[in-house]
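>>> Give me the fold of what follows.
(one chain, ligands or ions: 2)
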Amino acid sequence: MSIIEKALNKARNEKKQTTDPTDYLNEMGKSADELTIPTPAKETKKHIESTTNDNRLNTTLKKQIADIDWVHLNELGFITPGDTNTVAVEEYRNIKRPLVNNAFGKGSEGITRSNLILITSSLPGEGKTFTAINLALSIANERDKQVLLIDADVARPSISKVLGIQTEPGLIEYLESDDVTFSDIQINTTMPGLRIIPAGKQHKYSTELLSSNKMAAFVDELSSRYPDRIVIFDSPPLLAATQGEILARLVGQVVLVVEAEKTMQSVVMESVDKLANCDVVLALFNKSKRNIDGDYYGYGYGYGQYTH
Ligand SMILES: Nc1ncnc2c1ncn2[C@@H]1O[C@H](COP(=O)(O)OP(=O)(O)OP(=O)(O)O)[C@@H](O)[C@H]1O
Ligand SMILES: [Mg+2]
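Numbering: from 1, shown residues only. Ligands and ions are numbered 1, 2, ... in the order given. Okay, the predicted model is just below:
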């Protein structure tokens, strides 16, 4: 074998070792959706870019790890990785505590699918998406917690837009096609505890898809196969479409976001009636100018209770 052939063989072997992530997964005995691929060291990354024209690797990495613009999110008032004592972090500590306790702690007894949480509201614009994302970020910021954030507002999705990630394939493609798998739609992010499932394409039978047996089996599997994960669903407003009500029947806990000092009590009560069969419903006052003691503290949040 000539020196050139030897060099070529060596380069081929090196390329194989560095460009096929599935070899690595097989060695570890893990499936793609179970693994957060570690970010390659700078030199390795450079090496990959300079030695291959194989776009498959770049596509795989891009698909599996969404690079979220945390600086932009921070400017919009969202929690970002490593935040420990901002106002939003403190507020969401209080908001998540009862939910996490109901999901895993003593409070979970008697709650079916306690780790699945739906964020909804009566009307558009009350802050569902803002709450769903911040809650997910707040929980994922804890080292030992895993969160899956699902955009189930399939008619008017916005999680992908806010986070700057792909919208398709997502929940709709999974429900519509037997060829689309769970790992095809699940996106890893640079925040190790956070994964996302986008809404997917617009579909004229999206209501039917959300109420299908496949959706019921999907949420059952999410709850039983990943019992240590919190799954947060962003949803449409309850009084604008039936989809919110359909989703509420599938989860263990519902957060009803209420725009403080704006949404009428009669409207909120109508939503509470629609949620009568849910195990746990927490009303979250959003955009409130006062805290519970009556002090003004900006653009805040806090729980209240509605009873029948
Ligand atoms: N507590 C808050 N602090 C700051 N901004 C907020 C807060 N709650 C909501 N917003 C902002 O208000 C706007 C509407 O919120 P959001 O999109 O979350 O509402 P939504 O209920 O999801 O609306 P839709 O029904 O259209 O999906 C967004 O620009 C969001 O960033
Ligand atoms: Mg929304």
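
>>> the helices in the stretch 51-200 of the chain, which residues?
55-64, 70-75, 87-104, 128-140, 159-163, 171-176, 182-185 (DSSP state H, counting those that start in this stretch).

>>> Could you list the residues of the chain in contact with ligand 2?
128-129, 158 (Cβ under 5 Å from the ion). Any C-beta I mention is one placed from the backbone N, CA and C, and that applies to glycine too.

>>> Could I get the phi/psi values of the residue of the stretch 201-308 of the chain found nearest ligand 2?
In the stretch 201-308 of the chain, the residue that lies nearest ligand 2 is D234 (5.9 Å; Cβ to the ion). Dihedral angles of D234 (phi, psi; degrees, to the nearest 10) stand at phi -90, psi 140.

>>> Please name the nearest non-neighbouring residue to it.
Nearest residue to D234 in three dimensions, chain neighbours excluded: A132, at 4.0 Å (Cβ to Cβ, 6 or more residues apart in numbering).

>>> Tell me who's in contact with that neighbour.
By Cβ atoms under 8 Å, 6 or more residues apart in numbering, the contact list for A132 reads 119, 149, 159, 232-234.

>>> Repeat that for Q243.
Counting by Cβ under 8 Å, 6+ apart, Q243 has contacts 152-155, 206-207, 210, 235-236.

>>> Buried ones among these?
152-154, 206-207, 210, 235-236 (16 or more other Cβ atoms under 10 Å).

>>> ok, back up a step: mean neighbour count, the helices of the stretch 51-200 of the chain: which tops it?
Across these, averaging neighbours per residue (mean count of other Cβ atoms under 10 Å) puts helix 128-140 on top, at a mean of 25.

>>> Any part of that one near ligand 1?
Yes. Using Cβ under 6 Å from any ligand atom, helix 128-140 reaches ligand 1 at 128-130.

>>> tell me the angle of that helix relative to helix 87-104?
With axes from the mean of the first three to the mean of the last three Cα atoms, to 10 degrees applied, the angle from helix 128-140 to helix 87-104 works out at 80 degrees.

>>> coming back round to it: with mean pLDDT as new columns, can the helices of the stretch 51-200 of the chain be given to me in JSON lines?
Below are these laid out as JSON lines (pLDDT from 0 to 100):
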{"stretch": "helix 55-64", "mean pLDDT": "48"}
{"stretch": "helix 70-75", "mean pLDDT": "93"}
{"stretch": "helix 87-104", "mean pLDDT": "92"}
{"stretch": "helix 128-140", "mean pLDDT": "97"}
{"stretch": "helix 159-163", "mean pLDDT": "97"}
{"stretch": "helix 171-176", "mean pLDDT": "98"}
{"stretch": "helix 182-185", "mean pLDDT": "95"}
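
>>> and the stretch 51-200 of the chain, which of its residues are near ligand 1?
Near ligand 1, when you scan the stretch 51-200 of the chain using Cβ under 6 Å from any ligand atom, you find 76-77, 121, 124-130, 153, 156, 158.
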